[in-house]
Structure formats: structure tokens, C-alpha cells
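Chemist: Sequence first, then the predicted structure, then my questions.
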Amino acid sequence: MASIIGKRYGNAVFELAKEGEWVDTLETQINLVEKIFNEKEILSFLGHPGVPNAEKISVIESSLEGKAKEELVGLFILLVQKGRTGYIQDIFEEIHTSIDEYNGKAKVYIKSAYELTDEEKSSIEKRVSDITKKKVVPIYKIDKTLIGGLVIRIGDKVVDSSIKGHLRAMKRSLLEEKAV
């Protein structure tokens, strides 16, 4: 989940794109910019306190020249000036989330104890889609510590129907009864 700062900057960029009617362009440009900034050398360079801001800004401008709108370039320059380059990934995440919501999509993180069959995946996706009234973009992960069942996260909401989750709830309940 994105940090508060990541959400604030990400939402600001998305609102600029919405007002300027370039949300479709934003998605393409953010994907391209994300590839550039995902290189470890660039992230460590931008976050290094010994490198002057002028050099960092110069690298941003040369890396993004002709590839991104002025508003995006300005955002990254502002992040350097404010010393907030550590939030770049959070900002990307928030922008992607906003674009998905705008396009009627919902990212759904689904953890299971074992590899789900295509039929199970389809059933889960349909059910979540019916509940959210959005097109589901599923992200599956196997977590053997769950023992069985599922943990589904949609935005800030988590549905834990795993055996591990049930055992944790049972333990909490027993401890509360014992304390009374």
C-alpha cells in the first residue's frame, strides 16, 4: 500500500491528468517513467545525499526529455527538491491505482496456500467482480503459511478466510474469555 505522501503526490498527478484530459497518456508515460526509475542505479543516485540536487535534476530532465509531459518531469524535480525521492515507488503505485479506478478496474491481491486451478481463479474473480462492480485485475501469490483458505485484499479491505486467520481469531477469542 502506498504511503500518505505517495498517495498525496500520486493523487495530485492524477487530478492534473484528469483536468488536462490526458489520463490515457498518463498511463503510457507512467509505465515508461517507471521502467527508467526502476533501475537501482538511478534510484540510489537520486536518493544519495552527497549528490547535489542540480545534478539529480539534470539527470531527471535528460532521462525524461521527450518521454514525459512537463507535469511529470516537474513532479520528479519537486521530489528531488523536497528530499522525497524515496516515495517514487509509492507515487507510481497510487497513480496506477487511480488510473485503474478511473477505468473501472480493481486490483485484487489473492493469497492461497496452494496453486489455484483456473476454475477456482475464475470463480473468485467473478465473485469479487460482482461485489465490487468493477473489472478485476487479480494478482495471485502462494503463501504456504496459510495452511488452507484464502486472504483477499481489495484496496484497504482484507478478507481473511484462511485457516491461519481462523486460528488467530480463535486464539484471540480464547484469550479474551480467559481475561474476563
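Modeler: Thanks, I have it.
Chemist: Now do Glu120 against Ile152, distance only.
Modeler: Separation of Glu120 from Ile152 (Cβ to Cβ, to the nearest Å): 13 Å. Where C-beta positions appear, they are placed from N, C-alpha and C, glycine not excepted.
Chemist: Look at the two and report which has more neighbours.
Modeler: In this comparison of Glu120 against Ile152, neighbours counted by other Cβ atoms under 10 Å, the higher total goes to Ile152 at 19 against 14.
Chemist: Now do the same for that one: helix, strand or coil?
Modeler: Classification of Ile152 into helix, strand or coil gives strand, according to DSSP: H, G, I helix; E, B strand; the rest coil.
Chemist: Show the contacting residues for the closest residue in space to it that isn't next to it in sequence.
Modeler: Of all residues beyond its chain neighbours, the one nearest Ile152 is Val159 (4.6 Å), with distances taken as Cβ to Cβ, 6 or more residues apart in numbering. By Cβ atoms under 8 Å, 6 or more residues apart in numbering, the contact list for Val159 reads 150-153.
Chemist: Likewise for Lys7?
Modeler: Listed by Cβ under 8 Å, 6+ apart, the contact set of Lys7 reads 90, 94.
Chemist: Where does it fall, secondary structure wise?
Modeler: With elements taken from DSSP states H and E, the one containing Lys7 is helix 4-19.
Chemist: list the buried ones in that helix?
Modeler: Buried positions in helix 4-19, judged by neighbour count with 16 or more other Cβ atoms under 10 Å: 5-7, 9-14, 16-17.
Chemist: between those, which is nearest Glu177?
Modeler: Here the nearest of the buried residues of helix 4-19 to Glu177, counting by Cβ to Cβ, is Lys7; it sits at 39.1 Å.
Chemist: Can you tell me how far that closest one is from Asp24?
Modeler: Distance from Lys7 to Asp24, counting by Cβ to Cβ: 22 Å.
Chemist: Tell me which helix or strand comes right after the lowest-mean-pLDDT helix or strand in the chain.
Modeler: Taking mean pLDDT, DSSP states H and E as the measure, the helices and strands of the chain show their lowest mean at helix 40-47, namely a mean of 84. The first helix or strand that comes after helix 40-47 along the chain, using DSSP H and E, is helix 53-64.
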